[in-house]
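[1] Here you go, sequence then predicted model.
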Number of protein chains: 2
Amino acid sequence: ADPAVIASARAHQDRLTKPRGALGVLEDVAVRLAGAAGHNPAPIPAPAALAIFAGDHGVHAQGVSPWPQEVTTQMVGNFLAGGAVANAFAAQVGASVTVVDVGVAADLLEGPGLFIHKVAYGTADLSRGSAMTAAQAVAALEVGITTARRLVDGGARCLITGDMGIANTTPSAALICAFTGATPESATGRGTGIDDETHRRKIEVVRNALAANGLSDGLAGVDASGDAGAMPGMEWLNGEAAAGLRVLAAVGGLEHAAIAGFILGGAAARVPVILDGVIAGSAALAAAALAPAAVDHCVAGHRSAEPGHRIALDRLGLRPLVDLELRLGEGTGGLLAHPLVCSAVRVMHEVATFDAAGVTEKEA
Amino acid sequence: ADPAVIASARAHQDRLTKPRGALGVLEDVAVRLAGAAGHNPAPIPAPAALAIFAGDHGVHAQGVSPWPQEVTTQMVGNFLAGGAVANAFAAQVGASVTVVDVGVAADLLEGPGLFIHKVAYGTADLSRGSAMTAAQAVAALEVGITTARRLVDGGARCLITGDMGIANTTPSAALICAFTGATPESATGRGTGIDDETHRRKIEVVRNALAANGLSDGLAGVDASGDAGAMPGMEWLNGEAAAGLRVLAAVGGLEHAAIAGFILGGAAARVPVILDGVIAGSAALAAAALAPAAVDHCVAGHRSAEPGHRIALDRLGLRPLVDLELRLGEGTGGLLAHPLVCSAVRVMHEVATFDAAGVTEKEA
């Protein structure tokens, strides 16, 4: 972010016909996005494009979700038919919906609204070893980067992250533990709704995943000179980035890796990326490890009911705009936030200054 | 609200392709509005119409605001020129903006976007006696009712409350104290931004206003058989309603009374009313005293930074949708909430059921 642009955006905002600071958190959003765009005001972030990255998870076999794995595929069909909540919310805000198969455990047919970039038929079980190879994680990152570029080339001026993957709050919790040092107890939630017994099992699975991948002490246990650093073409990765990739491969999901790439692609295109819930929050931790400046382009759309999400957002330094106890994923929380982000930026384009409007300022 | 419709709306929502409860607070919004509309799903609440009720306040002479009183008139000009934050936010959500002069202390000219229904050139100083006569309060209520009807007749399917009136957080605090029994210290905030000394003075002014109007013990001190009950044509008012009108006249503002009427008018037309901040929250307490069922049609758009607003919303039993430390008024918080309300209702219209979409439900 450009500090001169940030200063000028803040000064501009203080001349507008409203008490200083009266727009609360939205003032920070407008100023941050100006800094990220490199000019004030930032472009109005519309139209928006939602990308729903779909993948399956070997860890589903551990009984961490009450939903059958086939629901991932069934919900892809529902998105394409326009019948999911994400479709309704996207229609409300005028966002396009693109589904990306980055790792569904079934063969899907490419068609309107569906890109097939399958890296694998789901991940391996992270509670027993690495969920992905480093090569798979990199391939999934590239799917995200490519998707971002494709949507921006198609006219999108705001990207919204979405996900579909039964059991994917388990790798999210593991990623958050690994990147922040949080305990499995504090970071593992009830996802779309599980009972106490399943919740206890899920915490144990997260703990096992960290242990199986040498991440029980978080990043401290990562040998960054390992497979990521040694990958052909990846020698440029520095220690933190290599460790981030290693963690992502070890305990992430294919959709998490793709979302991390989507964030990197949005940042590279200088387009704001609205993060959805805990899947995106955990993926953003990976993106931040790979390229810290990418976070400047991110807006936290909402805070989900998942406890790990708060931990991730705190680490990222992002304040969520919507906080309504949603726990659905798909990009629904990001979509809800889109008009708020647009409103924040619109103020900088459209609101009159005290001088221009002939409005008297308050007495000092 | 119709309990059978509420039950059927909730059952419908549980069949949609999402985990039960996964839309958090938005599920309640959709169900409540179905109950208020009398059928499920409720109509999608669009287009929206914002009415900004403008009035001045005799209590401004007590030094409760750093802004000159003329700013009320100047901001009306800014709204009509399209230069205020409310205009930018309204453009974002496709809402119309209507300004209603219910009590500005200057002569304004009716024109496009401005209705003149001036009841008085501002209120009297509530810290020294009644801010309005009961007749003035009733006239201002009628302005709000008329405005609601006019906007609904013009095609609005959602009403959003707005206000403009320098010093109007002072009568809001007094209304909240009188209706809820809160103390002036707990209910009086810093409005658009005042220093410690002005804040102390403002608390004292609220305390004096309650004392001067026999409201130091809240509604307990109100003689409901007094002037409101005795007003020609108002004999139908029952004890609680008469007391509510008496409080509104004593310590309210003309825009508060108009907003209370606007809520009643929206409820009568079975159109949702999105409440903005603390001005609307305090006015809604008056509307609830006059007709408790009107609250069924209200959605709390946001929670402002004013401490009294939380008290008012708790009493009304409304949970705010946006909570971003806004403290501007004008309807800005209500406008931000409009797409969230639409999204909540859209789900009931557009999302597929598990059966229809062929999606497997979770295991019991």
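    Nice, thanks for sending it over.

[2] what's the burial count for the residue in the stretch 101-250 of chain A that chain B sits nearest to?
    Residue nearest to chain B within the stretch 101-250 of chain A: residue A:192 (3.7 Å; Cβ to the nearest Cβ). (C-beta placed from N, C-alpha, C; glycine too.) By other Cβ atoms under 10 Å in any protein chain shown, 23 other residues sit near residue A:192.

[3] ok, now which ones touch it?
    Shown in contact with residue A:192 (Cβ atoms under 8 Å, 6 or more residues apart in numbering or on different chains): A:65, A:67, A:169, A:327, A:328, A:329, B:19, B:22, B:362.

[4] Excluding chain neighbours, give the residue nearest to the most centrally placed residue in chain A in space.
    Taking Cα atoms, centre = their mean, the centroid of chain A lies closest to residue A:280, which sits 2.5 Å from it. In space, and not counting its chain neighbours, residue A:280 is closest to residue A:161: 4.2 Å by Cβ to Cβ, 6 or more residues apart in numbering or on different chains.

[5] which residues touch that neighbour?
    Here residue A:161 is in contact with A:50-51, A:53, A:259, A:262-263, A:273-276, A:279-280, A:283, A:331, A:334 (Cβ under 8 Å, 6+ apart).

[6] So it, which state does it fall into?
    Following DSSP: H, G, I helix; E, B strand; the rest coil, the label given to residue A:161 is strand.

[7] what's the neighbour count on residue A:349?
    13.

[8] Okay, and it sits in which element?
    Secondary structure from DSSP states H and E places residue A:349 in helix A:332-350.

[9] now the strands for the stretch 101-250 of chain A?
    A:114-116, A:158-164 (DSSP state E, counting those that start in this stretch).

[10] burial measure for the nearest residue to residue A:123 once chain neighbours are set aside, as a count.
    Spatially, and ignoring its direct neighbours in sequence, residue A:123 is nearest to residue A:131 (4.0 Å; Cβ to Cβ, 6+ apart). Neighbours of residue A:131 under the rule other Cβ under 10 Å: 32.

[11] and residue A:131, what is it in contact with?
    Residue A:131 neighbours (Cβ under 8 Å, 6+ apart): A:57, A:58, A:59, A:123, A:124, A:125, A:171, A:249, A:250, A:251, A:252, A:253.

[12] Mind doing that once more with 6 Å?
    Contacts for residue A:131 (Cβ atoms under 6 Å, 6 or more residues apart in numbering or on different chains) come out as A:123, A:124, A:251.

[13] pLDDT-wise, which helix or strand of chain A ranks last?
    helix A:227-230 (a mean of 51; mean pLDDT, DSSP states H and E).

[14] got the residue ranges for the helices in the stretch 51-200 of chain A?
    A:70-81, A:85-93, A:134-153, A:169-180, A:184-187, A:196-212 (DSSP state H, counting those that start in this stretch).

[15] Nearest to residue A:339, out of those?
    Ranking the helices of the stretch 51-200 of chain A by distance to residue A:339, with Cβ to Cβ as the measure, places helix A:85-93 first at 5.8 Å.

[16] What is the closest one packed up against?
    Helices and strands touching helix A:85-93, by 3 or more Cβ pairs under 6 Å, 6 or more residues apart in numbering or on different chains; DSSP states H and E, are helix A:332-350, helix B:332-350.
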